[in-house]
Every structure is written in C-alpha cells, then in structure tokens.
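Engineer: All I have is the shape, not the residue letters:
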Ligand code: MN
C-alpha cells in the first residue's frame, strides 16, 4: 500500500462569513485563571505558564459529543481559542497580534479522574486531554471582526445552569504574552490553535447534558453529550 492511497485531511473549522480554517496543531495552557488554579490545588502566584498539546484531530464543530471511554469524570473547561494566520519562533508579544487569524469559544474536555491518577503516579497525562472529540469549538470569527476585549465575559452553562463565568482580563497570562512564551519553546505556524485556559467552576458532564459555551461577541458553542 503506498502513501498516496491514504485519505486524510486535517480538521477544517468553519469561519463566520464563509471559508474554513485547517487546524495544524492544538496548543493549550494550564492554570491561566487564578481561581481555577486554586480549585486545582495550585498556588496561582505568577510563574511561567504551563503548556501542553492536544492532538489536532480532537478539534471539531460537531453538535454531539460521544461520552468517551476510560473516564467517569468528564470535565468541561470553557476557553477562548486563538487561531494563527502566521507563525514564528521567539517573537515578542507585540509581534503576535498581527499574526492572529481569529478567535472562537471552545471547550477543553478533560478526563479528570484519569488525569488525577496519572499525575499521582508521576506519569504523562496526555490521554486525559487527547481523545476523540476532546476539543469542541464554535465558529471562528476573524480578528478584523472581533477585537480581543479584556472586559468580555466567558461562561459555560450546562442544561441552562451557570457553571463557569469570568472576564478575559482574569487571565494570568494574556494572549500575546502566551504566544511569546510558547514561541520560545516551539515554532508556531499558520493553522495553529491555542486554547488559553479556563476559569474556575470546572465540573463533570453526564450523558444527555446540554452544554452552552460563550465568549461575549463570538458565536455561541452548543453541543450535547451522548452516552455510547
Ligand atoms: Mn484547559
């Protein structure tokens, strides 16, 4: 079997107003809101941001998420997601602003029980973050149509009940600084997405839950969780 028989495409995310954004890589940051760091048992004192990755294949815009295996504690983490039109290595914060393609609201789904067990054992916890459908995102809005507003609210509801709410200015590390720090470790490129961390209030989802995630001014993300 030769390589040209393999039929594969990167995830293609719909952009408001038309077109698609092909996802190359999904970067994430942990503990970027102080209250969430505290609820995870971590001192939010300003230290270097903690980055990790989710497989790009996790990112999607499907309206149903099948409850994943290997967990009984599937947590929601609502996050602002930044998409890059251009990349670079070791660039200063101010140089990243013009490289941002757009923004969407997303949810960093996490198998929290699995993550806790792996952390406890001193093992890598990739599979708590990387699994089928682990990163639902809404429609992307181009940076020319939505300015990053620190006063914008970010929130998540489950079955109409508010679970998470903050404003973007509650981020410990703001978007350009996150990109600066991440680009010291890796070359960022067009097609990369960065999930910018979640506020306090993370909690478990059940089969049949209906999730609504919002960042003020961006298209609402809605999905339902289905048992297998
Ligand atoms: Mn997260």
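Structural biologist: Okay, I see it. Not measured: the values here are computed from a predicted model.
Engineer: Show me what counts as buried in stretch 168-176.
Structural biologist: 168, 170-173, 175-176 (16 or more other Cβ atoms under 10 Å). Every C-beta, even on glycine, is put in place using the N, C-alpha and C of the backbone.
Engineer: Most widely separated two among those residues?
Structural biologist: 170 and 176 (16.4 Å; Cβ to Cβ).
Engineer: ok so, going back, ok, the buried residues of stretch 168-176 vs the ion, which is closest?
Structural biologist: Using Cβ to the ion, residue 171 is the member of those that lies nearest the ion, at 12.1 Å.
Engineer: my guess is that closest one contacts residue 215, does it?
Structural biologist: No - counting by Cβ atoms under 8 Å, residue 171 does not reach residue 215; the two are 11.9 Å apart.
Engineer: What parts of the protein come near the ion?
Structural biologist: 77, 108, 198 (Cβ under 5 Å from the ion).
Engineer: Among those residues, name the buried ones.
Structural biologist: For the residues of the chain next to the ion, buried by 16+ other Cβ under 10 Å: 77, 108, 198.
Engineer: related to what we said a few turns ago, which neighbours do residue 171 and residue 215 share?
Structural biologist: By Cβ atoms under 8 Å, 6 or more residues apart in numbering, residue 171 and residue 215 have no common neighbours.
Engineer: how close does the closest residue to residue 69 other than its chain neighbours get to residue 66?
Structural biologist: Closest residue to residue 69 apart from its sequence neighbours, by Cβ to Cβ, 6 or more residues apart in numbering: residue 228 at 7.5 Å. Counting by Cβ to Cβ, to the nearest Å, the separation of residue 228 from residue 66 is 6 Å.
Engineer: So for those two, which sits in the more crowded spot?
Structural biologist: Shown here are residue 228 and residue 66; by other Cβ atoms under 10 Å, residue 66 has more neighbours (13 against 7).
Engineer: how about the nearest residue to the more buried one once chain neighbours are set aside, phi and psi?
Structural biologist: Sequence neighbours aside, residue 226 is the residue nearest to residue 66 in space, at 5.4 Å (criterion: Cβ to Cβ, 6+ apart). Residue 226 adopts backbone torsions of phi -120, psi 140, taken as degrees, to the nearest 10.
Engineer: Quickly list what the spatially most central residue of the chain is bridged to.
Structural biologist: For the chain, the residue nearest the mean C-alpha position is residue 195 (3.3 Å; Cα atoms, centre = their mean). With DSSP bridges as the criterion, residue 195 is bridged to residue 28, residue 81.
Engineer: Could you pull up the residues touching it?
Structural biologist: 26-29, 54, 79-81, 106, 108, 135.
Engineer: is the nearest residue to residue 199 once chain neighbours are set aside in a bridge, and if so with what?
Structural biologist: Take residue 199 and drop its neighbours on the chain: the residue closest to it by Cβ to Cβ, 6+ apart is residue 166, 3.5 Å away. With DSSP bridges as the criterion, residue 166 is bridged to residue 154.
Engineer: okay, the residue nearest to residue 69: pLDDT?
Structural biologist: What the model reports for residue 228 is a pLDDT of 71.
Engineer: swap in residue 183?
Structural biologist: pLDDT, read off for residue 183, is 98.
Engineer: Quick check: phi and psi at it.
Structural biologist: phi -70, psi 0.
Engineer: Dihedrals phi and psi, the closest residue to the ion within the chain?
Structural biologist: For the chain and the ion, the shortest gap (Cβ to the ion) falls at residue 108, measuring 3.4 Å. When read as degrees, to the nearest 10, the backbone of residue 108 gives phi -90, psi 90.
Engineer: Not counting sequence-adjacent ones, nearest residue to it?
Structural biologist: Leaving aside its sequence neighbours, residue 108 sits nearest to residue 77 (Cβ to Cβ, 6+ apart; 4.0 Å).
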